[in-house]
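>>> Give me the fold of what follows.
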Amino acid sequence: MAMIRIRSLSFTYPGAAQPALRDVSLEIPEGAFVVLCGTTGSGKSTLLRHLKPELTPHGRRSGAVEYRGGDLFALPPRESAAGVGYVMQDPDSQIVTDTVWHELAFGLENLGTDPGVIRRRVAEMASFFGIESWFRRACSTLSSGQKQTLALASVMAMQPGLLVLDEPTAQLDPIAANEFIRLLERIHREL
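Down below sits the predicted model:
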């Protein structure tokens, strides 16, 4: 079964003369690692935001987006929030709490997860991502690479079935970008 199936998706922003997406169709199988490439302004971010209902832009849409065989936009909000993880290109737009440990717990708290489960998952993610040494630091003191790693770890704490990343290395220097890509490969292999 396809994890994601997009059929004839078209989308036009309000007031735009041309659609940002025109008749896009694709299937992404369960467990796939897919990279979407294109020039600036080609609609990559618009397409990716259609994979996260809470972030879908306003405008005129036609076609279908399915997640695990059902209409993605019909998912209950809690299931959508937990099932589809989204990491933005600017971690400062995504980090909402003051400390690293609280950022790791934030999504789980909002889902109403049991406190014992929250503690376990936060500890697991801190260990998996190697962030134990800055676990109690203020988020504002982190480097761009650390913030992007934290944003990813926070999303992964919710154990999403689908992970979407919108240019996650855009704000990183080449060394940090390489480390982040290796981290993504590890997530794909192990999680």
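
>>> Show me what the strand or helix carrying Ala176 is packed up against.
Following DSSP states H and E, one finds Ala176 within helix 174-190. Packed against helix 174-190 by the contact rule (3 or more C-beta pairs under 8 Å, 6 or more residues apart in numbering; DSSP states H and E) you find helix 144-156. All C-beta spots, glycine's among them, are computed from the backbone N, C-alpha and C.

>>> Give me the contacts around the helix it packs on.
85-88, 91-92, 94-95, 100, 103-104, 106-107, 125-126, 128-129, 131, 134, 139, 142, 163, 165, 168-169, 171-173, 176, 179-180, 183-184, 187, 191 (C-beta atoms under 8 Å, 6 or more residues apart in numbering).

>>> burial count for Asp114?
Residue crowding around Asp114 was assessed by other C-beta atoms under 10 Å; the count is 9.

>>> That one: what's it in contact with?
Contact analysis of Asp114 by C-beta under 8 Å, 6+ apart lists nothing.

>>> ok, it to Val155 distance?
Separation of Asp114 from Val155 (C-beta to C-beta, to the nearest Å) stands at 19 Å.

>>> Mind checking which of the contacts of helix 144-156 are buried?
85-88, 91, 94-95, 100, 103-104, 106-107, 125-126, 128-129, 131, 134, 139, 142, 163, 165, 168-169, 171-172, 176, 180, 183-184, 187 (16 or more other C-beta atoms under 10 Å).

>>> Next up, the contacts around Ser8.
23-25, 62-64.

>>> Kindly indicate whether the residue nearest to it when sequence neighbours are not counted is helix, strand or coil.
Using C-beta to C-beta, 6 or more residues apart in numbering and skipping residues adjacent in sequence, the residue nearest Ser8 is Gly63, 4.1 Å away. Secondary structure state of Gly63, per DSSP: H, G, I helix; E, B strand; the rest coil, is strand.

>>> Which of the three states applies to the nearest residue to Ala2 once chain neighbours are set aside?
Nearest residue to Ala2, sequence neighbours excluded (C-beta to C-beta, 6+ apart): Glu27, at 4.3 Å. What three-state DSSP gives for Glu27 is strand.
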